[in-house]
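Q: Quick one, fold the following:
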Amino acid sequence: MMRMYADGFLPSNGLPAPGVDEVRWLKPVRPGDTLRMRVTIKEARTSQSKPDRGIIRPFSEVLNQRDEVVLTVLPINLVRRRPA
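A: Down below sits the predicted model:
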């Protein structure tokens, strides 16, 4: 999941993440399963202390080849912002 998240979602010039609020393993993943990820931004706001950065809350789901959700994660990510 983290490899898919880092390679497919996070910007290459990303910032450290302050944490993860929720992790849920809903179904087992078996050898040979094909996994994909779906990410939905639930919240995006400007950092109060550092306005050149933003804080996003992406709800991330990992699905198997049968489109069953096997894992959900609600991380907190810092991202760079363009100047206003």
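Q: Only C-alpha atoms from now on, for both contacts and neighbour counts.
A: Noted.
Q: after the lowest-mean-pLDDT helix or strand in the chain comes which helix or strand?
A: Least confident element among the helices and strands of the chain, by mean pLDDT, DSSP states H and E: helix 2-8 (a mean of 81). Following helix 2-8 in sequence order, the next helix or strand is strand 19-25 (DSSP states H and E).
Q: what's next to the helix or strand following that following strand, contact-wise?
A: Downstream of strand 19-25, the next assigned helix or strand under DSSP H and E is strand 36-46. Residues outside strand 36-46 that contact it (C-alpha atoms under 8 Å, 6 or more residues apart in numbering): 1, 4-5, 52-64.
Q: what does stretch 50-69 give?
A: Applying C-alpha under 8 Å, 6+ apart, the set of residues contacting stretch 50-69 from outside is 1, 26-27, 29, 33-47, 70-83.
Q: Give me the angle between the host helix or strand of Phe59 and strand 36-46.
A: Following DSSP H and E, the helix or strand that holds Phe59 is strand 53-63. Put simply, strand 53-63 runs at 160 degrees to strand 36-46, going by axes from the mean of the first three to the mean of the last three C-alpha atoms, to 10 degrees.
Q: Quick check: can you name the pairing partners of the following helix or strand past strand 53-63 and their directions?
A: Going down the chain from strand 53-63, the next helix or strand is strand 69-80, by DSSP H and E. Paired neighbours of strand 69-80 in the sheet (DSSP bridges): strand 19-25 (antiparallel), strand 53-63 (antiparallel).
Q: Report how many residues lie close to Pro75.
A: Using other C-alpha atoms under 10 Å as the criterion, Pro75 is surrounded by 17 other residues.
Q: which residue sits closest to it, ignoring its sequence neighbours?
A: Val20 (4.0 Å; C-alpha to C-alpha, 6 or more residues apart in numbering).
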